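In: Sequence first, then the predicted structure:
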Amino acid sequence: MVDVGPRATTLPGRGEGEHVNETLLKLAVSAGLVAFMIVVAAWARIARPVAPLDDASARELLAGEFPDRAIDSLWFAGDGAGVIGRSGEEALILYRLGDSWVARTMPWRLALVAPVLRGKVLLKLRDPAAPIARLAVSGVNPWPPQTPGEALAA
Amino acid sequence: MILDPLKPAFDPVDLAVPVFVVTIVLEIILARLGKAKAVYEAKDTATSLGMGLGSSVAGAITGAAIFGVSIWVYQTYHLFEIPMTAWWAWVAVFFLEDLTYYWFHRLSHERRFWWASHVNHHTSQHYNLATALRQTWTGGIAGTWLLWLPLVFLGFPPAMVVIQKGISLVYQYWIHTEAIRRFPAWFEAVFNTPSHHRVHHARNPRYLDANYAGILIIWDRMFGTFIPERDDEPCRYGVVHNLGDFNIFRVAFHEWMAIGKDLAGSRSLREVVGYVLGPPGWSPDGSRDTSATLKAKWRAREEVNSKAVEPEQIAAE
Ligand SMILES: [Zn+2]
Ligand SMILES: [Zn+2]
């Protein structure tokens, strides 16, 4: 469903000033209503429950996103809000957005040299729809993984 | 009510705004009380509603010009004199507008240039009444409004077409819900319903590129794009490659940016045409996935799985 198309309010026929004023008033009222609905949605707390990723949940999500890929190893973000799976020469990247997940791939060799800035590894995904993934790095799980090139503990 | 052929007497979408607000709040409260199925994430909701607001601004900017073109077509030439006051004219415009919508919507999914404008509507990973308001900002630029001009050329007054488009948009609002499971079979057979449109918003390979209906699902059944919702495969909402954040400018423009990036790297006319007019996901070497390849891979997996199950069943018997 798209194309709201021409609206009655946008049609010619009345004074331009009156028309612009009415449009602006409608916009202001709509913006107020939008703010109200967002507040109600936040108050209700009816988002999907999200727990930090563990081995099973990460594998399940990755299998859903990359059903034809075998996973050699997993690296977990420090906050459990992301995971990087190695699949041959490909890095399978999954990170949390709100109560949902975003998945992309990039060459493993490029993922390995991704910079860590302010506690997060920045993975350039080369996609205008999701330009960059930021995954928390902890002391326990440093990036790049301690033994690059080798299969990591799953 | 005076029915001016060149000036819509009312705008169904404007009239429906209070209904939008009340029903969204109701859906949230019922879900909160555990009385209805609905999932709302505040930032996702903000993005959907922000897109709706932005779309009405974009509509205000391009709408007058687009409507001007249809008035120009109507006044220059139209085949028949269709009176706005005749009941049969409204019946006819109902069916013809809905058929136009079907092909507009199908084109918007099957060809990347129009997908770039429509994709925004599918970027939420949620399916609720707020998702319905996640509307395009670039429909005017994509030029899909041209598809409605033949109706005006036939002789339907421009105001009539605009009103019917509004009615269709309002109809499609209420079907964006998980709170309603299914209607009686006769209704599901004829009308677009929450169940049919959930399939349309799903990213499961099984459900891709299906159910383009506006008000009537009969067009999908006629043209072979109907896929029913299955209880054993819940819809997973969103697009194949979900967006990386909630930025509404990314929602509105990401596919246009991706087209620009691909064109900048194009090496031949074939690549230019493929990137712009090919199906979403088209690439010169086939390294990216289209709906067709995703479906083919899914079917192959299903076959492997069913073969793996069969010997086990035989062994168990
Ligand atoms: Zn929809
Ligand atoms: Zn669609």
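Out: Looks like it came in fine. Ligands and ions are numbered 1, 2, ... in the order given.
In: Quickly find the element holding B:Pro17.
Out: Just so we're on the same page, residue B:17 is Val rather than Pro. Per DSSP states H and E, B:Val17 falls inside helix B:12-32.
In: can you list the domain ranges for chain A.
Out: A:14-46, A:55-153 (automatic domain parsing).
In: related to what we said a few turns ago, would you mark the buried spots in the helix holding B:Val17?
Out: Residues B:12-13, B:16-17, B:20-21, B:23-25, B:27-32 are the ones in helix B:12-32 that count as buried (16 or more other C-beta atoms under 10 Å in any protein chain shown). Every C-beta, even on glycine, is put in place using the N, C-alpha and C of the backbone.
In: sec struct for the residue nearest to A:Ala130 when sequence neighbours are not counted, please.
Out: The shortest distance from A:Ala130 to any non-neighbouring residue, by C-beta to C-beta, 6 or more residues apart in numbering or on different chains, is to B:Gly244 (2.7 Å). At B:Gly244 the chain is in coil, as set by DSSP: H, G, I helix; E, B strand; the rest coil.
In: mind listing what B:Gly244 touches?
Out: A:Leu97, A:Val102, A:Arg104, A:Leu125, A:Asp127, A:Ala129, A:Ala130, A:Pro131, A:Ile132, A:Ala133, B:Arg250 (C-beta atoms under 8 Å, 6 or more residues apart in numbering or on different chains).
In: The same query, at a cut-off of 7 Å, please.
Out: For B:Gly244, the contacting residues are A:Leu97, A:Val102, A:Ala129, A:Ala130, A:Pro131, by C-beta atoms under 7 Å, 6 or more residues apart in numbering or on different chains.
In: isn't the fourth one right up against B:Leu243?
Out: Yes. Under the criterion of C-beta atoms under 7 Å, A:Ala130 makes contact with B:Leu243 at 6.1 Å.
In: which neighbours do those two share?
Out: By C-beta under 7 Å, 6+ apart, no residue touches both A:Ala130 and B:Leu243.
In: Let me see the confidence value for residue 6.
Out: Defaulting to chain A. We have a pLDDT of 42 for A:Pro6.
In: not quite, I wanted chain B
Out: So, for B:Leu6, pLDDT stands at 87.
In: what's the spacing between the nearest residue to B:Glu81 once chain neighbours are set aside and chain A?
Out: Among residues not flanking B:Glu81 along the chain, B:Gly155 sits closest, at 6.1 Å (C-beta to C-beta, 6+ apart). B:Gly155 is 19 Å from chain A, where distance means C-beta to the nearest C-beta, to the nearest Å.
In: Check B:Ser55 too.
Out: In terms of C-beta to the nearest C-beta, B:Ser55 sits 6 Å off from chain A.
In: and that residue, how many neighbours does it have?
Out: When counting by other C-beta atoms under 10 Å in any protein chain shown, one arrives at 23 neighbours for B:Ser55.
In: before we move on, the earlier item: right, so the domains of chain A: which one is the most enclosed?
Out: Of those, the one with the most neighbours on average (mean count of other C-beta atoms under 10 Å in any protein chain shown) is domain A:55-153, at a mean of 17.
In: pLDDT averaged over that one - what is it?
Out: pLDDT averaged over domain A:55-153 gives 93.
In: what would the domains of chain A look like in CSV with distance to B:Ala92?
Out: Below are these laid out as CSV (distance: least, C-beta to C-beta, whole Å):
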stretch, distance to B:Ala92
domain A:14-46, 31
domain A:55-153, 41
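In: Need the three-state assignment for the residue of chain A found nearest chain B.
Out: Among all residues of chain A, A:Ala130 sits closest to chain B, at 2.7 Å; criterion: C-beta to the nearest C-beta. Three-state call for A:Ala130 (three-state DSSP): coil.
In: Could you find the closest non-adjacent residue to B:His200?
Out: B:Asn211 (4.1 Å).
In: How about the contacts made by that neighbour?
Out: B:His196, B:His197, B:Val199, B:His200, B:Ile217, B:Asp220, B:Thr225, B:Phe226, B:Ile227.
In: Could I get those residues in JSON lines, plus columns for pLDDT?
Out: Listed next are the contacts of B:Asn211 as JSON lines, based on pLDDT from 0 to 100:
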{"residue": "B:His196", "pLDDT": "98"}
{"residue": "B:His197", "pLDDT": "98"}
{"residue": "B:Val199", "pLDDT": "98"}
{"residue": "B:His200", "pLDDT": "98"}
{"residue": "B:Ile217", "pLDDT": "98"}
{"residue": "B:Asp220", "pLDDT": "98"}
{"residue": "B:Thr225", "pLDDT": "98"}
{"residue": "B:Phe226", "pLDDT": "98"}
{"residue": "B:Ile227", "pLDDT": "98"}
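In: Helices - which of the residues you listed land there?
Out: Using DSSP state H, B:His196, B:His197, B:Val199, B:His200, B:Asp220 are the members of those that sit in helices.
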